[in-house]
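S.K.: Sequence below, structure please.
(chains A and B)
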Amino acid sequence: MHELGIAQSVLDAVQAEAATRNSKPVKVGLRIGELSAIDPDALRFSFEALTAETDLQGLTLDIEFCRRRHRCLDCATEFEVKDFIFDCPQCGTNRNECISGEELQLAYVELEEYEPSTA
Amino acid sequence: MNRVPLEKKVLSENDRVAAELRERFRQNDVLVVNLISSPGSGKTTLLEKTLEALPRTERVAVLTGDIQTENDANRLKRFGFPTKQITTGGTCHLDARMIDKHLADWNLGELGILFIENVGNLVCPSSYDLGEAAKIVLLSVTEGEDKPLKYPSIFFKSELVIITKTDLLPYVPFDIAKAEENARKVHPGVEVVRVSCTAGYGLQEWLQWLEVKKTAVRQEAESYV
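M.R.: Numbering: from 1, shown residues only, chains lettered A, B, ... in the order given. I've put the predicted structure just below:
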């Protein structure tokens, strides 16, 4: 439900980055964790709505969806948590920490130089 | 084409303001808790009972968020503690900037506990750090016991789960043991308190949790010095 605000934050960051490099943004990469409470489809929809008929129309949104992964504190095995099962598949203990799944991260922006004006 | 790595949080601006708030809360030794639940789970009622139970000498303040109306602030003001309504005008969560703005004319040095009552919503508030020491999620027995599984983000990020309206248990098909089990599936080891504001059950346990948390926050603040 707050994807519109998130999309606006992404666009603000993209525009700030493009302005400092005097370039046109063409693609932005995000990492969205399954625990981030962000729905990628709603975010894409908001993104399109906000960029339509603006200078940013056509800006591509690349979303990498990150599953919840934990690292075992006993044997350091890293594993995906499915159906809320936290037992380490290697050693069977359940002492572990979350290492992925909470992301709401701007990964990169792709920029291209403006065409030299022919006017 | 030039790919520029950014590697920063989308909400880095919110997080920056929240970090500043957290530092101010630490310096002033204020325990800040962020209460989150669906609309109607009993956040305001829990606060009413909490404010009623706390001694007048306790230095407490409340920020309460809603999309519209001053109703909650009016309910809470009668206990004599500083209370402010944050009316978001449509936004479904509070963010750090709103907290910062509404704290502007309060002296944090005079506060011991600040309760933030978020907008009723189990999704969006989980993304926004408000500088709080702990998020607390409420779940009422008139909701389903599978709420933690449906909304894992907020149950994972909360330090305490408060199951409310437990006086209604005889009348609703709510399996409280299952609800707790589900909360701990999503967030192993999470603390759970069962309360009924109507019957008064569990309130002592909740006040005790606050006391322990307040001591922990103070000790943490002292260890910085």
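S.K.: And the residue lying farthest from the centre of chain B, how far from chain A?
M.R.: In terms of distance from the mean C-alpha position of chain B, residue B:1 ranks first, at 45.5 Å (CA atoms, centre = their mean). Note on residue B:1: its distance to chain A, by CB to the nearest CB, to the nearest Å, is 5 Å. C-betas here are computed from N, CA, C, even on glycine.
S.K.: all strands for the chain, in order.
M.R.: All of this is about chain A. A:23-33, A:60-66, A:69-72, A:78-80, A:96-100, A:104-113 (DSSP state E).
S.K.: Chain B, not that one
M.R.: According to DSSP E, the strands that chain B contains are B:2-9, B:31-36, B:60-66, B:83-87, B:113-117, B:134-140, B:160-164, B:191-194.
S.K.: Get me the contact residues on chain B for chain A.
M.R.: B:1-13, B:91-93, B:121, B:123-124, B:126-127, B:149, B:151-154, B:156-157, B:185-186, B:188 (CB under 8 Å from any CB of the partner chain).
S.K.: Surely residue B:87 and residue B:64 touch.
M.R.: No. Using CB atoms under 8 Å, residue B:87 makes no contact with residue B:64, being 9.7 Å away.
S.K.: what about the strands of chain A, which gets the closest to residue A:51?
M.R.: The closest of the strands of chain A to residue A:51 is strand A:60-66. By CB to CB, the value is 8.8 Å.
S.K.: quick one: contacts of stretch B:169-189?
M.R.: A:84, A:86, A:94, B:139, B:141-149, B:152, B:155-156, B:158, B:161, B:163, B:166, B:168, B:190, B:192, B:194 (CB atoms under 8 Å, 6 or more residues apart in numbering or on different chains).
S.K.: Only whichever of these are buried, select them in ChimeraX.
M.R.: In ChimeraX syntax, the buried subset of the contacts of stretch B:169-189 is picked out as below (16 or more other CB atoms under 10 Å in any protein chain shown):
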select /A:84,86 /B:139,141,143,144,145,147,148,152,155,156,158,161,163,166,190,192,194
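S.K.: rewinding a little: from the residues of chain B next to chain A, keep the buried residues only.
M.R.: Using 16+ other CB under 10 Å, the buried ones in those are B:6, B:9-11, B:13, B:91-93, B:121, B:123-124, B:126-127, B:151-154, B:156-157, B:185-186.
S.K.: Among the residues you listed, name the ones in helices.
M.R.: Among those, the ones falling in helices (DSSP state H) are B:13, B:152-154, B:156-157, B:185-186.
S.K.: pLDDT added to those, as JSON lines?
M.R.: Shown next, in JSON lines, are these (pLDDT from 0 to 100):
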{"residue": "B:13", "pLDDT": "88"}
{"residue": "B:152", "pLDDT": "90"}
{"residue": "B:153", "pLDDT": "90"}
{"residue": "B:154", "pLDDT": "94"}
{"residue": "B:156", "pLDDT": "91"}
{"residue": "B:157", "pLDDT": "94"}
{"residue": "B:185", "pLDDT": "90"}
{"residue": "B:186", "pLDDT": "89"}
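S.K.: Report the two of the residues you listed separated the most.
M.R.: Counting by CB to CB, the most remote pair of these is B:13 and B:185, 33.5 Å apart.
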